[in-house]
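Q: Just the structure for this:
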Amino acid sequence: MAVAVLLAAILALSPLPLSLASPSAAAAAADRITRLPGQPPVNFSMYSGYVTVDAAAGRALFYWLVEAAVAKPESAPLVLWLNGGPGCSSVGYGASEELGAFRINADGRTLSVNPYSWNKMANVLFLDAPAGVGYSYSNTSSDLLSPGDNKTAHDSYTFLVNWLERFPQYKYRDFYIAGESYGGHYVPQLSQLVYRNNKGVRKPILNFKGFMKLQLACEFDSSEHASEACNKIYDVAEAEEGLIDAYSIYTPTCKKTSLHRRRQIKGRRPWLPRGYDPCTEQYSTKYYNLPEVQKAFRANVTGIPYAWTGCSDVLFEYWKDSPRSMLPIYRELIAAGIRIWVFSGDADSVVPLTGTRYSIDALYLPTVTNWYPWYDEEEVAGWCQVHKGLTLVTIRGAGHEVPLHRPR
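A: Here you go, the predicted structure:
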């Protein structure tokens, strides 16, 4: 078994609708991607563009939908993917070096097919939120100086509601939210909004089935809200780290960026994703700044006065609200019967497996099935523990970006 197979098993647990309304909206047709620069031939459809979330502020979020490469994509579920940061691009990371349909080659101009793309089982929607991330923008400059968890969650929810008006065939479809890293805030917060807005609705258009979270360090007192003394100790430890990649301790660092160190702003530690090949960030930066790529995506339509970057320094520096704990949200959603899966790589020292287990322990959930190994081609690929309301799966040898390090 492998990550892609685990995903298939999760999505297969719910029955899927068998009917689909044909997309007819002009806006949806206009968003269809005919072909991306350097793209190999594929047998599935893709869409990208902007959805306005605040007309008065001129705030719009960029999305990339990769439809399922299955016989009946209209019967496949919809998965929303969110990367973390805060301030990092789901298009630049999730779609481009993890679970997306393509990987960007080292030339920064061509693409190769990802054989383990999640769109082999689901329609995958990548969202760049909040405004200021990737191609997402706001015409109100103060929006970039006042980002935070609350605004991100509400803008993401507004995006989903408005996006479904453009793509009504996805209304009532089985819907999941997934993400990693600081997505540990985004995913449960958005899930809570969806759940609360669905309460009392007989047939909600967001047919929310559950969420998947890669890593679960929910108690950020010792990292996100570290004391000055703790930060000083962290600096000493970081200096001793050398060329070890904290995001994947068993893999080499990129030679081009071997002197790069994680940023420290106002004592807060970024939870930025890096992958097995740390240089992939450079490939993405080159590709998404190409004019022909932006034209194919119908991106940067307002002429954003700054280059595309995988993560926004401005948003990170000015991030406002960041609750210390997500556990109250988990308790609410578990009590409501929302299905939750947590995946964690055991080679990630940034959001380590130990932190994930401590967070789960703090929920005091009854154990349904104790630790047991799962296998990939007769080798132990990780371990699993089933709690009442939450399932933890560890991925052996995977770093921070689990779908990159152990895609199968």
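Q: and the one helix or strand residue 159 maps to, which residues are buried?
A: Counting by DSSP states H and E, the element that carries residue 159 is helix 149-166. The neighbour-count check on helix 149-166 (16 or more other CB atoms under 10 Å) flags 149, 151-160, 163-164, 166 as buried. To be clear about C-beta, it is placed using only N, CA and C from the backbone, and glycine gets the same treatment.
Q: Might you report the residue contacts of the residue nearest the centre of the chain?
A: Nearest to the mean C-alpha position of the chain, by CA atoms, centre = their mean, lies residue 82 at 2.6 Å. For residue 82, the contacting residues are 90, 94, 127, 129, 156, 177-179, 183, 186-187, 190, by CB atoms under 8 Å, 6 or more residues apart in numbering.
Q: And these, which of them are buried?
A: 90, 94, 127, 129, 156, 177-179, 183, 186-187, 190.
Q: Just the ones of the contacts of residue 82 in helices?
A: 156, 183, 186-187, 190 (DSSP state H).
Q: What is the lowest-pLDDT residue among those?
A: For the ones in helices among the contacts of residue 82, the weakest pLDDT value sits at residue 183, with 85.
Q: quick one: it and residue 212 touch, right?
A: No: counting by CB atoms under 8 Å, residue 183 sits too far from residue 212 to count as a contact (10.0 Å).
Q: possible to save the contacts of residue 82 as a markdown table with distance to residue 282?
A: Output for the contacts of residue 82, formatted as a markdown table (distance: CB to CB, whole Å):
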| residue | distance to residue 282 |
| --- | --- |
| 90 | 18 |
| 94 | 17 |
| 127 | 23 |
| 129 | 24 |
| 156 | 28 |
| 177 | 29 |
| 178 | 26 |
| 179 | 23 |
| 183 | 23 |
| 186 | 25 |
| 187 | 27 |
| 190 | 30 |
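Q: Looking at the residues you listed, spot the one nearest residue 312.
A: Nearest to residue 312 among these is residue 129, at 11.3 Å by CB to CB.
Q: Not counting sequence-adjacent ones, nearest residue to that closest one?
A: Using CB to CB, 6 or more residues apart in numbering and skipping the chain neighbours, the partner closest in space to residue 129 is residue 156 (5.0 Å).
Q: Is the closest residue in space to residue 367 that isn't next to it in sequence bridged to anything, and to what?
A: Distances taken as CB to CB, 6+ apart place residue 387 nearest to residue 367, at 5.8 Å, with adjacent residues excluded. Applying DSSP bridges to residue 387 gives these bridge partners: residue 367, residue 390.
Q: Rounded mean pLDDT for stretch 285-298, please.
A: 98.
Q: Over to that stretch now: how far is its first residue from its last?
A: 17 Å (CA to CA, to the nearest Å).
Q: ok, then the element right after the helix or strand bottoming out on mean pLDDT in the chain?
A: In the chain, no helix or strand scores lower on mean pLDDT, DSSP states H and E than helix 3-11, which sits at a mean of 60. Moving toward the C-terminus from helix 3-11, the next helix or strand (DSSP H and E) is helix 26-30.
Q: Now that following helix: buried residues?
A: Across helix 26-30, burial judged by 16+ other CB under 10 Å covers residue 28.
Q: how many other residues sit next to the nearest residue to residue 407 once chain neighbours are set aside?
A: The shortest distance from residue 407 to any non-neighbouring residue, by CB to CB, 6+ apart, is to residue 116 (3.6 Å). When neighbours are counted by other CB atoms under 10 Å, residue 116 registers 18.
Q: I'd assumed residue 116 was in a helix, is it?
A: No: per DSSP: H, G, I helix; E, B strand; the rest coil, residue 116 lies outside any helix segment and is coil.
Q: Can you say which helix or strand has residue 373 in it?
A: Assigned by DSSP H and E, residue 373 falls in strand 367-376.
Q: what does residue 195 give?
A: helix 183-198.
Q: Now do the strands in this protein.
A: Residue ranges of the strands in the chain, as given by DSSP state E, are 46-54, 59-66, 78-82, 102-104, 111-113, 123-128, 137-138, 174-180, 207-214, 339-345, 367-376, 379-387, 390-395.
Q: To residue 285, which of those lies closest?
A: strand 102-104 (9.6 Å).
Q: who touches the closest one?
A: 36, 39-40, 95-97, 110-114, 117, 280, 283-284, 287.
Q: And the average pLDDT for that strand is what?
A: Strand 102-104 shows a mean pLDDT of 96.
Q: So what are the sheet partners of that strand and their directions?
A: Partners of strand 102-104 in its sheet, by DSSP bridges: strand 111-113 (antiparallel).
Q: tell me which residues of the strand it pairs with are tucked away?
A: Applying 16+ other CB under 10 Å to strand 111-113 flags residue 111 as buried.
Q: How about stretch 342-352?
A: For stretch 342-352, burial by neighbour count (16+ other CB under 10 Å) applies to 342-352.
Q: same check, this time on stretch 309-320
A: 309-312, 315-316, 318-319.
Q: shaky segments in this protein?
A: The chain contains residues with pLDDT under 70 at 1-25, 215-226, 255-278, 404-405.
Q: Which strands and helices lie in contact with the helix holding residue 195?
A: Packing partners of helix 183-198 (3 or more CB pairs under 8 Å, 6 or more residues apart in numbering; DSSP states H and E): strand 78-82, helix 149-166, strand 174-180, strand 207-214, helix 327-335.
Q: from the ones in helices among the contacts of residue 82, which two are the most distant?
A: 156 and 183 (11.0 Å).
Q: Now the strand holding residue 373 - C-alpha only, CSV.
A: This file holds the C-alpha atoms of strand 367-376, laid out as CSV (Å, rounded to 0.1, in the frame of the first residue of the first chain):
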residue,chain,number,x,y,z
THR,A,367,-8.4,3.9,20.8
VAL,A,368,-10.3,1.7,18.4
THR,A,369,-7.3,-0.2,16.8
ASN,A,370,-3.9,0.0,18.4
TRP,A,371,-0.6,0.5,16.5
TYR,A,372,-0.2,-1.8,13.5
PRO,A,373,2.1,-1.7,10.4
TRP,A,374,0.9,-1.2,6.9
TYR,A,375,2.9,-2.4,3.9
ASP,A,376,4.0,-1.4,0.4
